[in-house]
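Peer 1: Next comes the sequence, and after it the predicted model I'd like to discuss.
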Amino acid sequence: MSTKKSPLNRLRRSLGLETQNEWPSVARERLLAYGLLAVYVLIIWFPIYYIFITSIKPSSEVLSLPITFLPQSPTAQNYVDIFTNRPFDNYTINSMIVATTTTLICITLGTVTGYSFSRYDFLGNKSLLLSIVGARMIPPIALIVPFFQIMSNPPLIGGLTGSLYDTRLALILTYTFFNLPFAVWIMKNYFDGIPESLDEQARIDGCSRWEAFVKIILPMAKPGIAATAILAFIFSWNEFVFALVLTSSEQAQTLPIAVSLFVADDFVDWAHLAAGGMIAALPGILFGLFFQQYIVSGLTQGAVKE
Amino acid sequence: MSIEKSPLRRKLDKLFVPLTVGPTLLWIAAIIVYPTAKLFLSSFQFRNPVTNEMEFVGLRNFRRLIFAREGGEAVLGVFSPSFVSITTNTVIYVGFSVSISFLLGLGIALLLDKDLKGRGWFRTAVIVPWILPYVMSGLMWRWMFQSDFGAINGALQRLGVISGNIPFLSDGALAMMALIIADVWVFTPFIIIILLAGLQNVPEQLYDAAEVDGASRWSRFWNVTYPFLKPSILVALTIRIIFDIRALDLVWVMTQGGPGKATEVWASWLYRTAQVFNEPGTGAALGVVLLAVTFAIVASLYKIFGESPYEA
Amino acid sequence: MAHVELTDLVKEFDDVTAVDGISLDIPDESFTVLVGPSGCGKTTTLRLIAGLERATDGEIRIGENVVNDARAYERDIAMVFQNYALYPHKTVRDNMRFGLEQHDTDEEIITERVRETAELLQIEELLERRPSELSGGQQQRVALGRAIVRDPAVFLMDEPLSNLDAKLRVQMRAELNKLHEELSTTTVYVTHDQVEAMTLADQIAVMDNGQIQQVGEPTHVYSNPRNMFVAGFLGSPSMNFLEGTLEESSAGKFELDLGGAIHNVPDEFTDALSSYLGDRVTLGIRPENIALNQDGVPANVHPATVEVVEPQGEKTVLELELETGQSIKAAVDPDTTVEMGDAVNLRFDRDSLQYFDPATGESLTYDAKIEQQATI
Amino acid sequence: MAHVELTDLVKEFDDVTAVDGISLDIPDESFTVLVGPSGCGKTTTLRLIAGLERATDGEIRIGENVVNDARAYERDIAMVFQNYALYPHKTVRDNMRFGLEQHDTDEEIITERVRETAELLQIEELLERRPSELSGGQQQRVALGRAIVRDPAVFLMDEPLSNLDAKLRVQMRAELNKLHEELSTTTVYVTHDQVEAMTLADQIAVMDNGQIQQVGEPTHVYSNPRNMFVAGFLGSPSMNFLEGTLEESSAGKFELDLGGAIHNVPDEFTDALSSYLGDRVTLGIRPENIALNQDGVPANVHPATVEVVEPQGEKTVLELELETGQSIKAAVDPDTTVEMGDAVNLRFDRDSLQYFDPATGESLTYDAKIEQQATI
Amino acid sequence: SGGSDSSTEDGSGGDSSDGESSDGATTGTGSETMADEIVFYNAGSLEFDPGTEANIERFEEETGISVEVNEVPWSNLKTSLTTIWRNQDSTVDAFNGPTWWLADFVSSDWLEPIGLGSDHMSKFPDSLNDLVQFDGQTYMAPEFGKWGSYLYDQQYLNDQGFDAPPDTWDEVLSQGEQLSQGDKSGFAFTWAGKSVFSFKQFLYQAGGQLFNDGYEPVFVEEGKEVLEFFNGLRERGIMPDGMSSLGEGGVGDNFIAGQYATVESWTPLGARAIDEWDENRIGSAKPPKGPESRATFQDTNGISVSAFSERKDAAKEFARFMTTRESSKNNMLVEGNPAVVPEVYEDDEVQSEYPSWLLEDMRFNLENAKSETYMAQPQVDDYLNEQLTPALLGNKDPEKALNDAYSNIERLYQDIGLL
Ligand SMILES: Nc1ncnc2c1ncn2[C@@H]1O[C@H](COP(=O)(O)OP(=O)(O)OP(=O)(O)O)[C@@H](O)[C@H]1O
Ligand SMILES: Nc1ncnc2c1ncn2[C@@H]1O[C@H](COP(=O)(O)OP(=O)(O)OP(=O)(O)O)[C@@H](O)[C@H]1O
Ligand SMILES: [Mg+2]
Ligand SMILES: [Mg+2]
């Protein structure tokens, strides 16, 4: 009787818990890791679960006691309501455009600038970097009014564009400003971890600095780029205060504003808010799932790890 | 012999640094100069709501913010009670949420760095709290902590841990705790992501060397993982602290600084002053103070973590 | 100090079997050298002993214990890595201190040992530098220092001198020798330098393709290779192989028909080769065992033409073409005055002849020679 | 194809002068080998030529142009790094293709060249692997392949064979030789392997301490070192140095009093040494130029006792003690049957003697020997 | 209301989006001809303001002026407007907000007098007219009302043997204990998120007010009575446990969930209860009488016109239209917002739509509700809130709290030169 065929063992093997080639302690740790991660995920998903079930409860059940953890009469009505009543498609598109564009600009400029800061000594390299990051240390809330001013009457390009108030461009410009210093800095630190001998080899292979950067170093910096991109994306995706001040209509308003519109003056419409929140979260979650392989491979590939 | 393809290529190569650094600097400079100037200027001004004029008041805004008032004017040396209590709140809020989420995030990142099947799904699952709009998360946690319909009270009761309801958001200390929990929940994924990326840079062969040197797991962490993770830790902590010092969304949505002023932090104070009270001068002064504090914190983080492993 | 024993050890990577069932006894206090072509599994074997890889199959014993499941830090070994693996963020001094600190050594002892070792390796002046500020050879010495500063049960050294210049290398070799005499720590040493292998080893293990081809004392293995691989691998330039048909002469003596030229097989091998009569047999002779311009029995003197003269300082290597068209190398004294095109007579040193089965590569005369050496 | 010329080249790091004013002419199509002790500046010199470091001072010419300011990619060089520097995220194939792709080579040519080169280096089977899945020697071959797959103006190779076993090394050396004959690409090659240096080099440059000590044809430098450093550095075991006082014998001949034993100085050096009469002079003799158990003029035959016998396969190295107490090494035939404690007579080969000023280390007889060789 | 909130977009098609970018160029400031479009900032989603939405549709139909409604989250509208106007930006033409914002806006010169004469304004109660006029100019047209109301759980009261809810503060205290059984609390109060509104409501009932005509704060004496009342509630366990401030947000939800016997809250809670509960479970009454009166706090919303608007005429017309008797009635019919025009309560349609007892209470409250507008309102409210919360929770002595609030406010007014 071979126990190897038992489903439990098959599971163990498919989870990589049992291989000849590997230390038993490694396998044990892996099991422990699965356990810990599972517990962690369950805990952090509990609120999301609760919001989700709130979103499929009728309002009467939301406000009845004792509270229920399984909806007694699940309904899609809240979702139907918000979709028939709210331009969620616009908000989602705005959020997507703003977040994606910001992210693209940030990782483009962030990687090249970060690379230069990592590899080259130029005038006041260190203090320059510090002042770039320093620019980001000013509390944004303290900048609301001047930002509004700049965006409603952009200097230099003002004649060309007119007011940028209530445009996605205003948000993109603003968010880029807020994320770029971090992008530069994260990437600089990341490039610091890639040995310079590889740049050198590339230059020997006939690359200019640009080519060495693009063809050799960039692919190895994927994890850093992925992290930077996620940071910029989520920042832009979540930002509330500037979106509030710089936009006013559905042509530019983003999802966080859409969600906060469910909070009425006198009460919070929890059921619809939950549904709206799930919708607002959905593109993010889908984005996460869809790009999860890219994020994950970004976060692991290209690494210098041997 | 030269394989020079084009003078342009050479030009571009020579201009590598200006071309890579220039646009970023321009972008930042273009946007930052005016607001910063404005910020500093305003911090010396006071808007009189009656006359609606900005008056130059020197350092008065700063004095009134930081020091207690007696007979109308601020007395240097005696801190104003609200400055003290809000600063304390901020330190508690930032200190606890940053350190808890850092330790948690580091742990999870180390777990996720392991060669696990399905770790991609775990990674995605772990990031999700950060993807939800902060406003949404704040409202959600307010809802979770609500004393009657809140899931936390509900779950604790269901589990038999408590019998009555705990009024989480009505009690100053509990409200602060609730805020910290929400903050940790929202921002731990950020730490995870940054540290996970950093972990990729640790050369595997050094683990071998350390193992052979007889280093225990703990020692390997400190002597191999940690030095290579330092740049990422610096990034993670700095950004996390900068974000948290000015974190407004969660506080504003969950407690608005209440009950009373139990959860009022610098960020909400600044927002309240500058935007709600429409006192741009005082707000700007507060902004300048915050800037200085942030700068000091970042500088000290730099001291601790700011060294790349390959740097001479 | 410990005896290390490998039994049927196997290590598979995804699609490569790096170590393919090796059994090797490494006696306590011995100095065992692993040699073999690039990629044959030497490093992998060391890593298995170190506990950096887990064996796919087989057994590893250190001292009394089967250590298959013990991790590297539990095994009390020190290792010099082929690629150095220095900690880039630590100074040379701290790189060397680290292992000692891990073993809770007293501060004073650490300081003293690091100083001594640095002196031994001539890197005292580099102690405060980071690895990135060192030349290749300096890095290698630090890597070596990091290991020998400790006092482990087993030393594992993976080509620890490969980046040093000849002079330093000779010095370091001598120091390692001295160190081993003093400490008698069981050592497993990988090198591709024959001189190192010959001079340092108590026993030498020749590997190929993940398997051990022969183990023994270095001079023994050099003179009595078990098969053509070992014979060809050791020695530089390599042993010459000449294939021919084994025949019996009218005088009842065995002779090898090399395709025109006739080679007389010494009598003592008649028994060993008898079953190959009429079959193909390969004769092996090392370049240094070929003498030039010698007379003698015609069947043992082979006329040849000098094709290439390669002076190498202490010796000169000749490439020659035999009458049969076969190519052959000889190592001669540097003052030997021959030129390209010269016609010479070669004589093969009778005591140094080897015979192999060309199909399997196995030595046909190994046992006979051993016997003979034993009786002398 | 290009002529490379270094003039007064200096490279300083923060507190180290790695290259200290070297001038070196590397003729077009030549194969120049840099040798020197670890840390003497070889790698730094290569990096300066490659354009990876900026010279602190001096001039670098490639072909007609001063290239001090040219970018690395404009210099059309290929380099093999001491530490390989393979792209970890690319397969072996892509590592090798990359340089060609950078030079806009046709796809077909790339494929063909990579195939050829891989075959040459015996790494065809590794083409789809990542560097992390290769053994040390395999990585080194890939690093080498990455350079030779290209057809650059200059090859720079930093110990490209250091991690290969002797056999492969001989093969690779031969391949490099062949390659150089075919392509005639100007090559600067760093090695610590004397045989490599001797067999590959058209000219050899011996460096020490950031400076060039001697440049010339390998055998020339080997036989005619300009100073004790070069004399001692080349050759393994190194040249023996015996210091004594130069005296004039009653017969008007010069002799060196080695502290009891007397050494006769050949007549041809009388002129060169005359100014040193009564002073200390160092005699240099290579171990392989010492013969055992030879009779002759008593003053040139030195009795000695065997202290250590070190068989190294193709030769045996003896450590001997002279009557004067000085220690000396001799390399003899492996079949020489001597044992520890044996008393032997040593004779120094007359043609191979060298004399140095012990204070400066300069050769006293360099010019005399050159002259003499020229006249012969 | 089934109408789509984006009807303004649908209705004017391409125009509205084109108009947005070109309005500066096409609309002269002199405006002999009225602009054909205005931008209206609404607090929160129109979804929660179907009454306003319906009136806007009528406005667009009748005047041909299209209204672009920009929805700004409730709690942020004032911030947004402040930011915009501090930059003297013309983005906003009109907005919908409460009267208590006016003092600051008017003194900052951000609002345009809407120029509505007494023919339009006289239909509102005087108290309301007072709130929207400064120096004889009208700056806001009242649109719909919000004020305190007193609601109770009829069914529960009946079960407990009460015919009617407590009628005075004393009765609240004396009967409250009996009404607080098990999970139930006897009396709760809230203006969700707005502590000071709750405070003012009780302050007015106690006969006090925040400021006198000379900008002097005068709330301490009556405030003490209010806090004493709260103290009594807390000590007798009448006040709910989870109460964290006078602006406790959960009170409305809890009332709906059946946690409270009686609640003094603002009007919309009534509409909610009617929706969620059986018709006869919800009961309404006039607020319990305090030491002085049954006055409640008035949080009326109205429409104002931006001083920086480039389409003031159209905006003023909009303000006028939205606050006619007809619009007021329509709003009440569609959404249930209490009309700010007393006559509307007599209208047949209205009478047939709502139970008469409710209308009666509403009208009573409209006519008795009080409010004040005062300078630096957010700071003043913040100072009050800061002190009242600990006092309410029993963490601070009421008198000390009120005195602290008093001195803070006094100093603030001194700082800005009002005192
Ligand atoms: N980046 C650096 N910073 C400081 N010192 C350096 C640096 N690189 C090299 N050096 C020093 O310069 C000297 C010459 O180094 P180089 O690498 O050229 O030696 P090398 O001749 O190649 O030696 P090896 O044979 O050991 O590789 C050494 O002493 C080395 O320590
Ligand atoms: N991590 C790995 N994954 C896959 N194959 C590997 C890995 N490590 C080593 N190999 C392969 O296993 C074989 C043995 O490698 P090993 O490093 O032991 O060789 P070696 O004898 O040390 O060679 P060298 O002298 O070149 O260092 C080689 O073919 C190598 O390519
Ligand atoms: Mg190896
Ligand atoms: Mg080097």
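Peer 2: Yes, it's here. Numbering: from 1, shown residues only, chains lettered A, B, ... in the order given. Ligands and ions are numbered 1, 2, ... in the order given.

Peer 1: Could I get the pLDDT score of residue 280?
Peer 2: No chain in the question, so chain A it is. What the model reports for residue A:280 is a pLDDT of 77.

Peer 1: You answered for a different chain; I wanted chain E.
Peer 2: 80.

Peer 1: right, and it touches residue E:154 too?
Peer 2: Yes: between residue E:280 and residue E:154 there is a contact at 6.3 Å, judged by C-beta atoms under 8 Å. (C-beta placed from N, C-alpha, C; glycine too.)

Peer 1: Give me the more crowded residue out of those two.
Peer 2: Between residue E:280 and residue E:154, counted using other C-beta atoms under 10 Å in any protein chain shown, residue E:154 has the larger neighbour count: 20 against 9.

Peer 1: neighbours around the spatially closest residue to the more buried one that is not a sequence neighbour, how many?
Peer 2: In space, residue E:154 comes closest to residue E:283 once its chain neighbours are excluded; the distance is 3.8 Å by C-beta to C-beta, 6 or more residues apart in numbering or on different chains. Neighbour count for residue E:283, taken as other C-beta under 10 Å: 20.

Peer 1: Beta-bridge partners for residue E:283, please?
Peer 2: For residue E:283, the beta-bridge partners are residue E:152 (DSSP bridges).

Peer 1: Pull the contacting residues for it.
Peer 2: E:151, E:152, E:153, E:154, E:157, E:165 (C-beta atoms under 8 Å, 6 or more residues apart in numbering or on different chains).

Peer 1: Check the burial of the residue nearest to residue E:137 when sequence neighbours are not counted by counting its neighbours.
Peer 2: Distances taken as C-beta to C-beta, 6+ apart place residue E:113 nearest to residue E:137, at 3.9 Å, with adjacent residues excluded. When neighbours are defined as other C-beta under 10 Å, residue E:113 has 18 of them.

Peer 1: Now residue E:113: phi and psi?
Peer 2: phi -60, psi 130 (degrees, to the nearest 10).

Peer 1: for it, what are its contacts?
Peer 2: E:137, E:138, E:139.

Peer 1: For chain B, see how far away the residue most central in space within chain E is.
Peer 2: Centroid check for chain E by C-alpha atoms, centre = their mean gives residue E:299 as the closest residue, at 2.4 Å. The gap separating residue E:299 from chain B is 17 Å, by C-beta to the nearest C-beta, to the nearest Å.

Peer 1: Can you get me a residue count around residue C:203?
Peer 2: Neighbours around residue C:203, by other C-beta under 10 Å: 18.

Peer 1: my guess is it contacts residue C:32, does it?
Peer 2: Yes: between residue C:203 and residue C:32 there is a contact at 5.1 Å, judged by C-beta under 8 Å.

Peer 1: Which residue comes closest to residue E:125 once chain neighbours are left out?
Peer 2: residue E:367 (5.6 Å).

Peer 1: other SSEs contacting the helix or strand containing the one you found?
Peer 2: Here residue E:367 sits within helix E:356-368, counting by DSSP states H and E. Applying 3 or more C-beta pairs under 8 Å, 6 or more residues apart in numbering or on different chains; DSSP states H and E, we find helix E:356-368 packed against strand E:148-153, strand E:282-285.

Peer 1: circling back: which two of the contacts of residue E:283 have the greatest separation?
Peer 2: With C-beta to C-beta as the measure, no two of those lie farther apart than E:151 and E:157, at 11.2 Å.

Peer 1: list the residues that contact both of these two?
Peer 2: In contact with both residue E:151 and residue E:157: E:262, E:283, using C-beta under 8 Å, 6+ apart.

Peer 1: sorry, back to before: which one of the helices and strands packed on helix E:356-368 is the most hemmed in?
Peer 2: strand E:148-153 (a mean of 26; mean count of other C-beta atoms under 10 Å in any protein chain shown).

Peer 1: Give me the mean pLDDT for that one.
Peer 2: Mean predicted confidence for strand E:148-153 is 86.

Peer 1: now stretch A:41-58
Peer 2: 87.

Peer 1: just stretch A:206-214 next, same as before
Peer 2: Mean predicted lDDT for stretch A:206-214 stands at 86.

Peer 1: Could you confirm whether that stretch reaches chain B?
Peer 2: Yes: counting by C-beta under 8 Å from any C-beta of the partner chain, chain B has neighbours in stretch A:206-214: A:206, A:208, A:209, A:210.

Peer 1: Give the burial count for the last one, as a bare number.
Peer 2: Burial of residue A:210, expressed as a neighbour count using other C-beta under 10 Å, amounts to 16.

Peer 1: and if you look at residue B:291?
Peer 2: Neighbours of residue B:291 using other C-beta under 10 Å come to 20.

Peer 1: need the residues of stretch A:206-214 next to chain B in a markdown table with secondary structure and distance to chain E, can you?
Peer 2: Formatted as a markdown table, the residues of stretch A:206-214 next to chain B follow (DSSP: H, G, I helix; E, B strand; the rest coil; distance: C-beta to the nearest C-beta, whole Å):
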| residue | secondary structure | distance to chain E |
| --- | --- | --- |
| A:206 | coil | 51 |
| A:208 | coil | 44 |
| A:209 | helix | 43 |
| A:210 | helix | 39 |
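
Peer 1: Closest to chain C out of these?
Peer 2: Set against chain C, the nearest of the residues of stretch A:206-214 next to chain B by C-beta to the nearest C-beta is residue A:209 (20.6 Å).

Peer 1: Next up, the contacts around that closest one.
Peer 2: A:203, B:13, B:16, D:71.

Peer 1: what's the closest of the residues you listed to ligand 1?
Peer 2: residue A:203 (16.6 Å; C-beta to the nearest ligand atom).

Peer 1: which regions of the stretch 1-150 of chain B lie under the pLDDT threshold?
Peer 2: B:1-6, B:71-72 (pLDDT under 70).

Peer 1: just checking, what packs against the single longest strand found in chain B?
Peer 2: For chain B, the strand with the greatest residue count under DSSP state E is strand B:73-79. Here strand B:73-79 touches helix B:60-66, strand B:67-70, going by 3+ C-beta pairs under 8 Å, 6+ apart.

Peer 1: Which helix or strand lies directly C-terminal to it?
Peer 2: helix B:81-113.

Peer 1: what domains does the record give for the chain?
Peer 2: Since no chain was named, I'll use chain A. A:26-74, A:87-264+A:285-301 (the TED database).

Peer 1: please go with chain C instead
Peer 2: What automatic domain parsing lists as the domains of chain C is C:4-232, C:238-374.

Peer 1: Would you tell me which of the ones you listed gets closest to ligand 1?
Peer 2: Nearest of those (C-beta to the nearest ligand atom): domain C:4-232, 2.5 Å.
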